[in-house]
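Peer 1: Just the structure for this:
(2 chains)
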Amino acid sequence: MALIFGIDLGTTNSLIAVMEEGRPKVIPDPVSGDTMLPSVVALMPGAKVAVGKAAIALEPHLNVERDGRVSAAGLEADGQGAVIRSIKRYMGLGGDEVALQERHRYTFGDFSGPVVRFQVGQRTFTPPQISAEILRTLKAWGEAATGHKVERVVITVPAYFNDGQRQATKDAGRLAGLEVLRLVNEPTAASLAYGLHSMASGRVAVYDFGGGTFDISILNVKEGIFEVLATNGDTHLGGDDIDQAIVDLMLEGMSEAMRHDRQVWNSARRVAEEAKKCLSVQAETTLELRLPERTISRRLSRQELERLAQPMVSRTIQCCARALKDAGLTAAEIDAVVLVGGSTRMPLVRDEVERFFGREPLCSLNPDEVVALGAAVQAGVLMGKSGDMLLLDVVPLSLGIESMGGVMERLIHRNTTIPTIARERFTTAVDNQTHVDIHVLQGERELAKDCRSLARFKLGPLEPAPAGMARIEVTFLVDANGILNVTARDERTGREHSVDVKPSYGLTDEEIERMLEEAIDLGEEDLAQRLLIQARNDAEQILGALRKQLAEYGDLLEAAERGAIEALAARLAAAQSGSDRELIARLVDQLNDATTPFAHRIMEQAIKTALEKRSVEEVS
Amino acid sequence: MTQAQCPSCARLQAPRLFCPDCGAPLAVELDYFTALGLSRRLTLDSGQLETLYHDLGRRLHPDRFANRRAAIRNASLNATALLTRAFRTLRDPVSRGLYWLELHGEKLAADNKRVPPELAEMIFEMQETLAQLRDAASGSKPERENLRAQVASAHQRVETMLQDALTELHGNFERWDASVNPNPDLLVQLKAILSRIAYLRTLARDLERALELHDLR
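Peer 2: Below you'll find the predicted structure:
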């Protein structure tokens, strides 16, 4: 059977792993040996893309001016491009959901519409398309290292990702040419890796504080069954936010134009990240931000950093308290606490977690790799290679429908084990009603308007009948990926009803199909374009050289020879301005052949001249 | 009940979670006791219930059928969802009692939906205290602390009553299971206890929320 790979598609870094002889292993970049791919994507003119360190290297050159125009060396003059970090923060978001303070970081298409779009020159890119580039690079790593095709994968997502964010992750996989067999929650994946590692059993709390998201999951681990009891979190709370707090501190008192300048922000963010890492081991460091006109320099102590980070860490602890309550447990009843994610390297985080749970947390596995390892373990489960292990996860947020008076009626409560099914019967309110509209919501608030709209369904067409006669049973199924599927059945006829789905956010199936087609077309067009440019360059090179040679060594040719060569050169020059790549290539070859004797004579001539010159020098 | 066709070997089977011939999951609707292979008894050992749930879950879960045909995967999805619902319903004695009533064509009667008379006075008093605590948000600190203490002690009282009601419920369950021809009084009693627990749980939740809100301020 084909191998199934595990992928951790992280906010800051992404990894790919696979089961090897019964153990999960992270696959490194075959060239550099790095195990982590920075989740940074550079989008350049001519549909060119760079991912990871290559994209980071372009960062100082792109996003230079506010409109995203590029004028740096090495890039096409006057081209346009963008380097995008932390794309995961934008997954599943509608245009209007981009936080105000993040709107100046990139050029966005517009702030309406069901999907946020990044504007790069004339083109726009959605978050799934950008994430797909990261996945493609990981796919290439996996294929180079194992010699197997990477086609079927398990991808991890934050446990607290909502339906739209999960769907967007699946879309990214599809756009990268991957079949996403399963989405696994990151903290659960980490517990699988730990479970395989130490066969721990009992009640485990997994505290996962990453670059952009926070999750807490409480699990009951028993004889290979990993049963999630409750989960909580915040999909927009991570190390990025701590970096931002340091950036704000550095740029305090500066003009708004300066604070919103992309280049300034980028440099400041880098300085902040370095300082934060440094303060995990040192007590004090210097923040030094070099700007074109001035350099900002300032001391930062661990104490100060902790004061900045405290509100965010407190929010994570509140999530922990809520998760425990939902699990019906107290902190004292937890047998083990596991730390996952880069942000748990901060001493403040460790101390606060230890204080809350009253026990020292475990971090024996590398917090950067443990989620990818767990994804590989789950891939192993799907291949039937991870023994008797079984994961029972939960839906993180309640699902329901809008009922009379704009109230959210819960059909599936948060922390319900998945897969799960809820059935609800609908009928008509007036005579001869032809459709029933259903508005599906996700969230914990009482009013529909305060919950996140998932989709609107139209049931019908219904046969004309008096009000209340129609009996339609709608099945809401949340699958093992935590994604909602809706089907409807007419109770009288037993027939399946068509369900016309209008997702409130995210891409429709048709849009994904179109993107897939475009990607293929663009890929071919792009390749043809590149080959044409190359052929033209070859022609230019040979014609240029010929002009010089004819001027200098023209007397080495017979008139007839020269006529033949010049005729060929004229044909090539004409073809060069056209777009027939093959004609150009053929003429280049012919001209090459025709000028070979000429080239030989020039060479002989050159040698003779050189020898004569030397003998003159020797004599004198 | 009608027979179900196995999505794997296509044989017709009596409704159950698995095909006895090939082990594939069957897409069927079963009552929760049957789904878990239990007789319809009200007393249940929670440890045994969990073991059954885990064993069946291991065999039925969609992860076990990731490489099989869509029909088999769907049957596994449905069977797993049913199993989970069965486990969650039967694990909690109150939802188990209510489900058991439903299976026997009974439900809480209209008079069970009214506030149980023995709780009426206490519920009224506690609502008063809760309202005072809400209104006192801007009041003096000692006043608020005093009200908080009252709510906390009310919460304690309700929790104790809940424990007692649950003990009573178990007693009722045992009498049902022991009798061949149950006394109709047992049914009246069962409904009354379930209704009381429902009210006590709501009250406990309201008090808890009020305390949380107060402590957040």
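Peer 1: contacts, neighbours, all on C-alpha from now
Peer 2: OK.
Peer 1: what does chain B put close to chain A?
Peer 2: Counting by C-alpha under 8 Å from any C-alpha of the partner chain, chain B comes close to chain A at B:54, B:58, B:62-67, B:77-78, B:80-82, B:84-85.
Peer 1: Which of these fall in helices?
Peer 2: Taking DSSP state H, the ones among those that sit in helices are B:54, B:58, B:77-78, B:80-82, B:84-85.
Peer 1: what's the neighbour count on the residue of chain B at minimum distance from chain A?
Peer 2: Relative to chain A, the nearest point of chain B is residue B:81 (4.5 Å; C-alpha to the nearest C-alpha). Residue B:81 has 25 neighbours, counted by other C-alpha atoms under 10 Å in any protein chain shown.
Peer 1: That one and residue A:419 touch, don't they?
Peer 2: Yes - using C-alpha atoms under 8 Å, residue B:81 is in contact with residue A:419, at 5.4 Å.
Peer 1: Just the buried ones from the residues of chain B next to chain A?
Peer 2: Listed as buried from the residues of chain B next to chain A are B:54, B:58, B:62-66, B:77-78, B:80-82, B:84-85; burial here means 16 or more other C-alpha atoms under 10 Å in any protein chain shown.
Peer 1: any idea how the chain splits into domains?
Peer 2: This is for chain A. A:4-239+A:307-392, A:240-306, A:399-506, A:511-619 (automatic domain parsing).
Peer 1: that answer is for a different chain, and I need it for chain B
Peer 2: As assigned by automatic domain parsing, chain B contains the domains B:4-91, B:110-216.
Peer 1: now, of those domains, which is deepest in the fold?
Peer 2: Mean neighbours per residue, mean count of other C-alpha atoms under 10 Å in any protein chain shown, is largest over the domains of chain B for domain B:4-91, with a mean of 19.
Peer 1: average pLDDT across it?
Peer 2: Mean pLDDT, domain B:4-91: 90.
Peer 1: what phi and what psi does the backbone show at the residue of chain B positioned farthest from its centre?
Peer 2: In chain B, counting by C-alpha atoms, centre = their mean, residue B:140 sits farthest out from the average C-alpha position, at 41.6 Å. When read as degrees, to the nearest 10, the backbone of residue B:140 gives phi -70, psi 160.
Peer 1: what's the neighbour count on the residue in the stretch 501-620 of chain A that chain B sits nearest to?
Peer 2: Residue nearest to chain B within the stretch 501-620 of chain A (C-alpha to the nearest C-alpha): residue A:509, separated by 19.8 Å. Counted with other C-alpha under 10 Å, the neighbours of residue A:509 add up to 10.
Peer 1: do the same with residue A:149
Peer 2: With other C-alpha under 10 Å as criterion, residue A:149 counts 15.
Peer 1: quick one: contacts of the helix or strand containing residue A:489?
Peer 2: When elements are assigned from DSSP states H and E, residue A:489 belongs to strand A:484-490. Outside of strand A:484-490, the residues within contact range by C-alpha atoms under 8 Å, 6 or more residues apart in numbering or on different chains are A:163, A:459, A:470-479, A:495-499.
Peer 1: any idea which helix or strand comes after that strand?
Peer 2: Next along the chain after strand A:484-490, taking DSSP H and E as the criterion, comes strand A:496-497.
Peer 1: How far does that next one sit from its chain's centre?
Peer 2: Relative to the centre of its chain, strand A:496-497 is centred 36 Å away, using C-alpha atoms, centre = their mean, to the nearest Å.
Peer 1: ok, now stretch A:402-409?
Peer 2: Remark: stretch A:402-409 is offset 35 Å from the chain centroid, using C-alpha atoms, centre = their mean.
Peer 1: Likewise for stretch A:217-230?
Peer 2: 29 Å.
Peer 1: re earlier: same question for the strand holding residue A:489, mean pLDDT?
Peer 2: The average pLDDT within strand A:484-490 is 86.
Peer 1: Now the residue in the stretch 201-350 of chain A that chain B sits nearest to. Nearest residue, chain neighbours left out?
Peer 2: The minimum distance from the stretch 201-350 of chain A to chain B, using C-alpha to the nearest C-alpha, falls at residue A:225 (7.3 Å). Take residue A:225 and drop its neighbours on the chain: the residue closest to it by C-alpha to C-alpha, 6 or more residues apart in numbering or on different chains is residue A:390, 4.9 Å away.
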